[in-house]
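K.L.:
Fold the following for me, if possible:
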Amino acid sequence: MTNKAAPVAFAMERARRLKILGVRRSTLLTATFVLSYVLYLCAGGFVFSYIEGPEEARYRKIVLDQRRVFLEKYPSVEDEALEELLQLVVTAGNRGVYATRNATGEPNWSFGQSVFFSTTVITTIGYGHVTPLSQSGKGFCIFFAVIGIPFTLILVSALVQRLMVPVMAFLEYLDIKFGHRLGALSIRLLHVTLIGSFVLILAMLIPAAIFASMEPEWDYLDAFYYCFISLTTIGLGDYIPGDAPNQQYRPLYKVLTTIYLLFGLTLAMLVLTVFGGIPELHMGHLFDLNSDDLTMDHEKVRLNQNKSTDHRTIIKVSSRRDLDDEDDDDYSRP
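P.N.:
Take a look at the predicted model:
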């Protein structure tokens, strides 16, 4: 009686916990996660404002001082005319056309530069340092992206599937080597840590050193920042390789950078795939509205299994006793 009542009591307690203050647990978890996300965004905004605000004010003061000096030096230039010129310069610069001598020494839409731009579009990096100027160019960019982005995802997925073969073989090696000491989750975490460290070195640390040596105005942090912003597809566009004045072998440099971006994105996707293969770290079911019902279904199945097990056990014992009685009767007969 006590053994049967324990699972029932556990199921009732479990069902009671599914609701907190009358709200489904999955709903409460989702609301908590959304609130945490908003707080995280606000915290990021506060930190960026605190760090970058004074630097922006310093640059703003420099620009205003230089403008005032220019007007004092050339009093014949009207302030309104200068304002119009500056507006035109800024607008053109945002579209990749600069009033100063073009840093690349070649048009933005040469074949090499266009291939680099195409790569940033279909990989969704989108630096934004160069944008289509014509209406037909904007229309073709949309068409090119609609086909190119899925094409890129298919290509990267195919490459990741190929790379998963040696990666899973490495997981089996770790399991054989350390399985008697570590649990399954510990082996998985060790595996993804080692793979992530390898990708970090191969796709970011080493390329950052190469970019720092190739770009005269970049230090190592600038180069690592570029690698991270690019491979995470954030693509701020404040650092673009190959745009320094008098850059040697610029077309080859741009092609190699394009290959690096595709290679790096593949390795980044590989790490995400390995990480996503750890079932213990899956959290999506916590926010599923049906997760509560599924939990109740699991409890019902568990109760039915317990009842079936108890019934089978009783039958087994009874049958054994009957057999023993029959054996005793056989031995007692002449």
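K.L.:
low pLDDT regions in the stretch 51-200 of the chain?
P.N.:
94, 96, 98-106 (pLDDT under 70).
K.L.:
What are the boundaries of the helices in it?
P.N.:
With DSSP state H, counting those that start in this stretch, the ranges of helices along the stretch 51-200 of the chain come out as 79-94, 111-122, 135-178, 184-200.
K.L.:
Remind me what the shortest one packs against, helices and strands.
P.N.:
Right, helix 111-122. Other helices and strands packing on helix 111-122, by 3 or more CB pairs under 8 Å, 6 or more residues apart in numbering; DSSP states H and E, are helix 135-178, helix 250-276. Backbone N, C-alpha and C define where each C-beta goes, glycine included.
K.L.:
Would you mind telling me which of these is nearest residue 55?
P.N.:
Among those, helix 250-276 comes nearest to residue 55, with 28.1 Å by CB to CB.
K.L.:
Other residues contacting stretch 254-270?
P.N.:
112-113, 115-116, 119-120, 123, 125, 155-157, 159-160, 163-164, 167, 195, 199, 202-204, 207, 227, 230-233, 241-242 (CB atoms under 8 Å, 6 or more residues apart in numbering).
K.L.:
Hmm, I typed the wrong one, I wanted stretch 206-218.
P.N.:
219-220, 222-224, 226-227, 239, 241, 244, 253, 260, 264.
K.L.:
What residues sit buried inside that stretch?
P.N.:
207, 208, 211, 212, 214, 215, 218 (16 or more other CB atoms under 10 Å).
K.L.:
again, but for stretch 220-229
P.N.:
222, 223, 224, 225, 226, 227, 229.
K.L.:
what would those residues look like in a markdown table with pLDDT?
P.N.:
Listed next are these as a markdown table, based on pLDDT from 0 to 100:
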| residue | pLDDT |
| --- | --- |
| 222 | 95 |
| 223 | 95 |
| 224 | 96 |
| 225 | 96 |
| 226 | 95 |
| 227 | 95 |
| 229 | 94 |
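K.L.:
So for residue 227, what's the nearest residue that isn't a sequence neighbour?
P.N.:
residue 204 (4.6 Å; CB to CB, 6 or more residues apart in numbering).
K.L.:
Next, count neighbours for that neighbour.
P.N.:
Residue 204: 20 surrounding residues under other CB atoms under 10 Å.
K.L.:
Next: residue 164.
P.N.:
Residue 164: 15 neighbours (other CB under 10 Å).
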